[in-house]
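# 3D model of this:
(one chain, ligands or ions: 1)
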Amino acid sequence: MMSENEVIKTETDRQTPKYTSACLIFNPIAGRGNNETDLELIKSILEPELQLDIQFTSEEVSPTQLAREALERGAKLVIASGGDGTISAAADALINSNIPLAVIPRGTANAFAASMGIPANIEAACQVILEGVTRVISTARCNGKPMLLLAGIGLEAETIAKADRAAKNRLGIFAYILSAINQLKDLKSFDTRFEREDEVISFSAVGVTVANVAPPTSILAQGPASLVPDDEFLDVTIFAPVSVLNAIAASYHLLKSAFSGTPTERNDIGYLRVKRALINTDPPQKVVVDGEVIGTTPVFVEAIPKSLIVMIPQSQAEAPVEKLEGLPDLTIEPKENNNLSNSDSEYPES
Ligand SMILES: Nc1ncnc2c1ncn2[C@@H]1O[C@H](COP(=O)(O)OP(=O)(O)OP(=O)(O)O)[C@@H](O)[C@H]1O
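Numbering: from 1, shown residues only. Got it, this is the predicted structure:
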């Protein structure tokens, strides 16, 4: 997928890249902050190190178009600053390219930044960019739209659809919480036909979430409790409580699952993993992808393994992937060569 010519660092190759320029894609209406002071702050931190080509999103000009044009101009780094909608749309142009995406979160939920450990604070997010550590993550597409986080069918989509711009400006993240409470009061289940490679699964639910990554606060994605950002699977959570009280208990249970890392055991919550799936519902349900309502069911979702280079904090890159220290009678001996095949071992070939 990616060529060798770029200053890409992966988990196994972490020299400091020497970016000298970047395209900054800036959504001037995202979140509730003052976009002029936000931009001045970003420039004051980044411009001493990077020549910034600043591009503003508008209702007519999408972050995808701006990111594509930046690649055509030869950008080596694209920085997206806005909410999840802006980040995801900018990423659309960078999937399967060798150009990294950096994020300065300024939205309402900032779920992608939270999932990647990118700080919500502008100064700290800019420092992550100057550190220049990257990680290759998987992405997905839902009905052709880029999906870094998740597709929500039913409950989640209704919740997000009803938290409009005016409410988000007035209430910030509480706009989503109030909307979720209102939705829970008006639970409506729907019949779902879930088709994956080898089977068709049918069930009734109030929400179906297909997630690539999600922060713990994306409760309806937490069935399996831990989501791996760079594997080849999407994690599906089926949320099927039959009463308001059950829905509140199930939501609380999912939140606890997320924070404890223990998968759910309730009968009204299911979870499974897919590489791709075709999901249809009766009646049709709203679908939200990365915070933006994209239409209604049916949807086709497909994982795109290891397809996006993202700038992340050093601390996230250094999360240990192996741990042996402390095991009883532990010895580790270097080998003379690094070959390992079945025929070298004492075990017969199977
Ligand atoms: N200049 C602009 N004027 C009006 N709307 C804009 C402009 N630039 C982008 N948009 C709209 O902003 C939306 C994306 O907002 P984004 O997700 O980045 O922020 P948010 O809604 O505050 O955050 P969150 O997704 O976390 O709630 C898109 O619907 C896009 O059309």
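# just the strands in the stretch 151-300 of the chain please.
Applying DSSP state E, counting those that start in this stretch to the stretch 151-300 of the chain gives strands spanning 190-196, 199-205, 207-211, 234-239, 269-274, 276-282, 286-289, 292-296, 299-311.
# ok, residues contacting the shortest one?
Okay, so that is strand 286-289. Applying C-beta atoms under 8 Å, 6 or more residues apart in numbering, the contact partners of strand 286-289 are 88, 142-143, 145-147, 150-154, 156-158, 160-161, 293-297, 299. Quick note: C-beta positions are derived from backbone N, CA and C, even for glycine.
# repeat that for 6 Å
For strand 286-289, the external contacting residues (C-beta atoms under 6 Å, 6 or more residues apart in numbering) are 142, 145, 147, 151-153, 157-158, 160-161, 293-296, 299.
# any idea how far that strand is from the chain center?
15 Å (C-alpha atoms, centre = their mean, to the nearest Å).
# also the last one?
Centroid displacement of strand 299-311 relative to its chain, using C-alpha atoms, centre = their mean, is 9 Å.
# ok, the closest residue to the ligand within the stretch 1-150 of the chain - contacts?
Among the residues of the stretch 1-150 of the chain, Gly83 lies closest to the ligand, at 2.1 Å counting by C-beta to the nearest ligand atom. Each residue near Gly83 by C-beta under 6 Å, 6+ apart is listed here: 30, 107-108.
# if we can go back for a sec, buried deepest among the strands of the stretch 151-300 of the chain, which one?
Among those, strand 207-211 has the highest mean neighbour count (mean count of other C-beta atoms under 10 Å), at a mean of 28.
# so who does the one residue sitting closest to the centre of the chain touch?
Nearest to the geometric centre of the chain sits Leu149, at 3.0 Å (C-alpha atoms, centre = their mean). Residues in contact with Leu149 (C-beta under 6 Å, 6+ apart) are 111-112, 214, 290.
# among those, who's most crowded?
Comparing the contacts of Leu149 by number of neighbours (other C-beta atoms under 10 Å), Phe112 comes first, having 29 neighbours.
# wait, doesn't that one sit right on Asp84?
Yes. Judged on C-beta atoms under 6 Å, Phe112 makes contact with Asp84 at a distance of 5.3 Å.
# re earlier: including mean pLDDT and distance to Glu40, could the strands of the stretch 151-300 of the chain go into a markdown table?
Shown next, in a markdown table, are the strands of the stretch 151-300 of the chain (pLDDT from 0 to 100; distance: least, C-beta to C-beta, whole Å):
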| stretch | mean pLDDT | distance to Glu40 |
| --- | --- | --- |
| strand 190-196 | 93 | 47 |
| strand 199-205 | 92 | 47 |
| strand 207-211 | 94 | 35 |
| strand 234-239 | 92 | 39 |
| strand 269-274 | 92 | 45 |
| strand 276-282 | 96 | 44 |
| strand 286-289 | 92 | 32 |
| strand 292-296 | 91 | 28 |
| strand 299-311 | 96 | 22 |
